[in-house]
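>>> A structural model of the following input is requested.
(one chain, ligands or ions: 2)
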Amino acid sequence: MRETRYQGPAIGIDFGTTNSSLAVITGESKVELASFPTSGGSTLSFRSVLYLEQVKKAGGAKQTLSKTGPTAVEHYLEAEEKGRLIQSLKSYLPSPTLTGTEVFGRRYTLEELVSRILSDLRGHAELQFGMPIRHATVGRPVRFVGAETEDDDAYAVSRLRDAFTMAGFESVDFEMEPIAAAYSYESTLDHDELILIGDFGGGTSDFSLLNVGPGVRRRGRTSKDLLGNSGVGLAGDAFDARIVRKLVSPALGSDSYARSLNKTLPAVPAWIYANLERWHYLSFLRTRNVSEILKSARLRALEPEKIEALTALIEEDLGYQLHQAVQQVKFELSRSTSAEFRFRDGSMDLRIPVTRSEFEEWIAEDRSVIERCVDSLLESSGVGSHEVDRVFLTGGSSFVPAVRRIFASRFGEDRIQTGNEFTSVARGLALRAEEAMMTAPIQ
Ligand SMILES: Nc1ncnc2c1ncn2[C@@H]1O[C@H](COP(=O)(O)OP(=O)(O)OP(=O)(O)O)[C@@H](O)[C@H]1O
Ligand SMILES: [Mg+2]
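Residues are numbered from 1 along each chain as shown. Ligands and ions are numbered 1, 2, ... in the order given. Take a look at the predicted model:
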């Protein structure tokens, strides 16, 4: 694939862990976002999910149906016999051991799975904007989930590039996601600023410290304008996992005991609960082994009703629905200081009150890691917090008040700005693509 600069249209693609979006420059620095149909209207965020289902063709032969984005979830929920719903694919890109997966007897590489999402994203945008899309500026986190070294990140980027090639792209340029968010913020400025960007998504939290503004653009950016980047592979998915561990799993017996001769032991082994924390692992628990473990646990458990609820969750394969309920309570806790976790589906009926301060205790360790990442960026770039003109927070997880407080305590509320939580990266990538075209003529 070529890596040279391409000639218009300027396109930005944010392939997110949870949501993806695509932006196009339609006039001079005028950004338009692709919108995607859903059963309830349209959305600017294309869920980064893939659904594979086996369907019978007229002659009786079986065929695998593949759906992506909002329609993937709709198909999954409607299906009598559930297929495989796969999400957070971006988080696996740095892992050399995760080469792919087998679905209905066919092996799919990770790149191929990602490419299905990218290809549909491209297809929707081509229809909407009435033009072919073969080139794009694409976002990448500073540090991918699970990546420990720059080599791991480079490996993840090369896999993402391959996925774009498979999806029909001829060339892609990569840009750091927080830098892209900075370009988006910059488009609102009438003066220059030194800004700190915090982009909190589903998989990663990313930071950039840079000079932006119309003056910087006019004189031409130099490498000195970027004072540094930092990032950590920890964000909304990790918060969800904490809610499962601390709130949901105890209601399903993770702290419960069972009688065994004259001892009491944990009713169900901890590894079963660990699989609940990543909802798409839940379907891997539908095995005879797990079902035997749960059957015997129910007989001996001091709180058998909790083990019964766990059994129902697994047997009825309610991982996706559980994850939705977890996200819902997390969203409510961003707005209110208390909420109720509600999970009613199939034979499950859980209602558990929860306060924002409990949630903040559960994520305290994650928050400290994020906090250290911000401080290390300021330290390594030699910038004092008083020198930063503005902090721009974006990404879905920037709604979490505890995340916001990291910045309020260092910079004060009046220096914080938020906005375009789900689209700023794609917008900025498109602006970046436009600028690259103007500053680097094609040879
Ligand atoms: N109101 C809210 N309160 C708390 N979290 C929220 C809220 N709205 C969305 N989120 C979380 O934001 C995350 C998704 O944000 P976003 O779409 O910015 O991520 P992404 O770009 O897909 O991921 P990444 O940038 O890590 O690849 C999810 O974890 C979601 O649960
Ligand atoms: Mg993102």
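
>>> Alongside ligand 1, which residues does the stretch 51-200 of the chain contribute?
Residues of the stretch 51-200 of the chain lying close to ligand 1 by C-beta under 6 Å from any ligand atom are Lys90. Bear in mind the C-beta positions are built from the backbone N, C-alpha and C, glycine included.

>>> ignore the last one, the stretch 201-350 of the chain
Proximity of the stretch 201-350 of the chain to ligand 1 (C-beta under 6 Å from any ligand atom) is limited to residues 201-204, 235-237, 327, 330-331, 334.

>>> closest to Asn229 among those residues?
Closest approach between these and Asn229, by C-beta to C-beta: Thr204, at 11.8 Å.

>>> Would you mind giving me the ChimeraX syntax to select the buried ones in the residues of the stretch 201-350 of the chain next to ligand 1?
To isolate the buried members of these in ChimeraX, using 16 or more other C-beta atoms under 10 Å:
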select :201,202,203,204,235,236,237,327,330,334
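
>>> which residues touch Ser381?
Contacts for Ser381 (C-beta atoms under 8 Å, 6 or more residues apart in numbering) come out as 209, 227-228.

>>> Please flag which of the residues of the stretch 201-350 of the chain next to ligand 1 sit within strands.
Among those, DSSP state E puts none in strands.

>>> I'd like the residues of the stretch 201-350 of the chain next to ligand 1 as CSV, with distance to Gly213 appended.
Listed next are these as CSV, based on distance: C-beta to C-beta, whole Å:
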residue, distance to Gly213
Gly201, 25
Gly202, 30
Gly203, 30
Thr204, 26
Ala235, 28
Gly236, 30
Asp237, 34
Gln327, 36
Lys330, 35
Phe331, 34
Ser334, 31
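
>>> Intersect the residues of the stretch 201-350 of the chain next to ligand 1 with the contacts of ligand 2.
Gly201 (C-beta under 5 Å from the ion).

>>> Closest one of the residues of the stretch 201-350 of the chain next to ligand 1 to ligand 2?
Checking those against ligand 2 with C-beta to the ion, the nearest one is Gly201 at 3.4 Å.

>>> ok, residues contacting stretch 256-266?
By C-beta under 8 Å, 6+ apart, stretch 256-266 touches 267-268, 297, 300-303, 306-307.

>>> Only the buried subset of the residues you listed, as a PyMOL command please.
To isolate the buried members of the contacts of stretch 256-266 in PyMOL, using 16+ other C-beta under 10 Å:
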select buried, resi 267+268+297+301+306+307
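
>>> if we take the contacts of stretch 256-266, which one ends up nearest to Gly40?
Of all the contacts of stretch 256-266, Gly40 sits closest to Lys306, with 34.9 Å by C-beta to C-beta.

>>> And that closest one, which helix or strand is it part of?
According to DSSP states H and E, Lys306 maps onto helix 304-315.

>>> Now the residue in the stretch 51-200 of the chain that ligand 1 sits nearest to, what are its backbone angles?
As assessed by C-beta to the nearest ligand atom, ligand 1 sits closest to Lys90 within the stretch 51-200 of the chain, at 5.4 Å. Per-residue torsions, Lys90: phi -60, psi -30 (degrees, to the nearest 10).

>>> got it, and Thr109?
Dihedral angles for Thr109 - degrees, to the nearest 10 - are phi -80, psi 160.

>>> partner residues bridging it?
Per DSSP bridges, residues listed as beta-bridge partners of Thr109: Gly100.

>>> any idea of the mean pLDDT in stretch 378-395?
Averaging pLDDT along stretch 378-395 gives 97.

>>> Run the chain-centre distance for that stretch.
In terms of C-alpha atoms, centre = their mean, to the nearest Å, the centre of stretch 378-395 is set 24 Å apart from its chain centre.

>>> Going forward, count from 827.
All set: I'll call the first residue 827, so the last point we hit is now stretch 1204-1221.

>>> That stretch close to ligand 1?
Yes: using C-beta under 6 Å from any ligand atom, stretch 1204-1221 comes into contact with ligand 1 via Gly1221.

>>> Mind checking which of the contacts of Ser1207 are in strands?
Among the contacts of Ser1207, the members falling in strands (DSSP E) are 1035, 1053-1054.
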